[in-house]
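1. quick one, fold the following:
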Amino acid sequence: MDARQNTSARETAELWPPLPYEEWKDTYDTLHVWTQIVGKVRMELTPLVNHWWNVPFYLTARGLTTSPIPYRSRTFEVDFDFIDHNLFIQTSEGTSKAMPLIPRSVADFYREFMEALRSLNINVIINTLPSEVTNPIRCDEDFVHASYDPEYANRFWRILVQSDKVFKAFRSQFSGKSSPVHFFWGSFDLAVTLFSGRRAPERKGADRITREAYSHEVISAGFWPGDETFKAPAFYSYTVPEPPGLSAAALRPNATWYSSDKGLFLLRYEDVRSTDAPERVLLEFLQSTYEAGAQLAQWDREALERRVR
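-> Numbers count the residues shown, from 1 in each chain. Next up is the predicted model:
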């Protein structure tokens, strides 16, 4: 993929569709917890990998996947299909179960999903309290969130697909340690992370999740659909530990800005999709914020960056 390739106005509307926060908020909130239910099953059954890389999902040609999950002598995987709007559980023994993605409460989704696992002789217990959400309700008791608009679920996935391509093009120029491009169901964002190779100072008072995630120096970027504190989808980038002067760095494109509340750079999704070349603009944002963080944090860029010969 050439991330610098321009798209026509019609292609842009198809590939980078609008995603107004208020219009799909109810679907977003419901889908967020559905993905957490599935994600927590993966987390319970897989060994911890550095920076929690054993928990995210990955993009597929139709939606999101857990990738294979070990269970005793077998494996299984769970896929969200945002084209035909189904959830599939498939095992290495050739057995499978399917659930339609339709408007239903989180509690009903939880019950049917866990029953489907048990019918495939997969028995697992998860923590039913959602993570990283405001005022969480236990999954088995949540009859509040019960929305699913297939059009907006599909739009969200299409944005992830295009973002995934650009993130991978950006990552390909880095020869140091880097994460896969993966979808974190806790924060509900697609992300890629680059590492300097140095350990980071221990963060006093940090919880277990944060300590593991930021055990080393990182520059991370991603796509996030927003929340009640920032009601717009956006691309973000941050450097941890944040070096002095980063917030004042001159960045590209001009619509990029630094949020002191969140401690990261933001570029509204609408400011990307409204351009003639969304892929190029997004790649510019990723590269510009990386260069600012790496330079100010004194990363060994000569050793970490792939040189085109």
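
2. and stretch 73-90, which residues are buried?
-> 76, 78-82, 85-90 (16 or more other Cβ atoms under 10 Å). Heads up, the C-betas are built off the backbone N, CA and C, glycines and all.

3. can you list contacts of that stretch?
-> Applying Cβ atoms under 8 Å, 6 or more residues apart in numbering, the contact partners of stretch 73-90 are 35, 38, 41-42, 57, 60, 62-69, 91-93, 96-102, 113, 116-117, 120, 122, 148, 150, 153-154, 156-157.

4. drop anything exposed from the residues you listed.
-> Among those, those scoring as buried are 35, 38, 41-42, 57, 62-67, 69, 91, 97, 99, 101, 113, 116-117, 120, 122, 148, 153, 156-157 (criterion: 16+ other Cβ under 10 Å).

5. so which residues make contact with the helix or strand hosting Arg198?
-> For Arg198, the enclosing helix or strand under DSSP states H and E is strand 189-199. Contact with strand 189-199 is made by 51, 59, 160, 163-164, 167-168, 170-171, 174, 176-184, 215-225, 236, 290, 294, 297, 299-300, 304, as judged by Cβ under 8 Å, 6+ apart.

6. secondary structure element for the residue nearest to Thr65 when sequence neighbours are not counted, which one?
-> Nearest residue to Thr65, sequence neighbours excluded (Cβ to Cβ, 6 or more residues apart in numbering): Asp79, at 4.7 Å. Remark: Asp79 resides in strand 74-81, with elements defined by DSSP H and E.

7. how far out from the middle of the chain is that strand?
-> On the basis of Cα atoms, centre = their mean, to the nearest Å, strand 74-81 sits 18 Å off its chain's mean C-alpha point.

8. restrict that strand to CA atoms and write it as CSV.
-> This file holds the C-alpha atoms of strand 74-81, laid out as CSV (Å, rounded to 0.1, in the frame of the first residue of the first chain):
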residue,chain,number,x,y,z
ARG,A,74,-7.5,-27.1,21.4
THR,A,75,-7.7,-23.6,20.1
PHE,A,76,-10.6,-21.3,19.2
GLU,A,77,-11.1,-17.8,18.0
VAL,A,78,-13.9,-15.3,18.0
ASP,A,79,-14.6,-13.0,15.1
PHE,A,80,-16.9,-9.9,14.8
ASP,A,81,-18.2,-9.6,11.3
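
9. if we can go back for a sec, what's the ChimeraX line that selects buried ones from the contacts of strand 189-199?
-> To isolate the buried members of the contacts of strand 189-199 in ChimeraX, using 16+ other Cβ under 10 Å:
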select :51,59,160,163,164,167,170,171,174,178,179,181,182,183,184,215,216,217,218,219,220,221,222,223,224,225,236,290,294,297,299,304
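
10. need the strands for this protein, in chain order.
-> 58-59, 63-65, 69-71, 74-81, 86-91, 96-100, 182-184, 189-199, 216-224, 234-240, 257-259, 264-268 (DSSP state E).

11. dump the ones you listed to JSON lines, plus mean pLDDT.
-> Output for those, formatted as JSON lines (pLDDT from 0 to 100):
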{"stretch": "strand 58-59", "mean pLDDT": "98"}
{"stretch": "strand 63-65", "mean pLDDT": "98"}
{"stretch": "strand 69-71", "mean pLDDT": "98"}
{"stretch": "strand 74-81", "mean pLDDT": "98"}
{"stretch": "strand 86-91", "mean pLDDT": "98"}
{"stretch": "strand 96-100", "mean pLDDT": "98"}
{"stretch": "strand 182-184", "mean pLDDT": "97"}
{"stretch": "strand 189-199", "mean pLDDT": "97"}
{"stretch": "strand 216-224", "mean pLDDT": "97"}
{"stretch": "strand 234-240", "mean pLDDT": "97"}
{"stretch": "strand 257-259", "mean pLDDT": "97"}
{"stretch": "strand 264-268", "mean pLDDT": "98"}
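
12. now tabulate these in JSON lines and tack on distance to Thr27.
-> What follows is the strands of the chain, written out as JSON lines (distance: least, Cβ to Cβ, whole Å):
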{"stretch": "strand 58-59", "distance to Thr27": "19"}
{"stretch": "strand 63-65", "distance to Thr27": "14"}
{"stretch": "strand 69-71", "distance to Thr27": "26"}
{"stretch": "strand 74-81", "distance to Thr27": "13"}
{"stretch": "strand 86-91", "distance to Thr27": "15"}
{"stretch": "strand 96-100", "distance to Thr27": "15"}
{"stretch": "strand 182-184", "distance to Thr27": "16"}
{"stretch": "strand 189-199", "distance to Thr27": "16"}
{"stretch": "strand 216-224", "distance to Thr27": "16"}
{"stretch": "strand 234-240", "distance to Thr27": "18"}
{"stretch": "strand 257-259", "distance to Thr27": "25"}
{"stretch": "strand 264-268", "distance to Thr27": "20"}
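
13. no further queries at this time; thank you.
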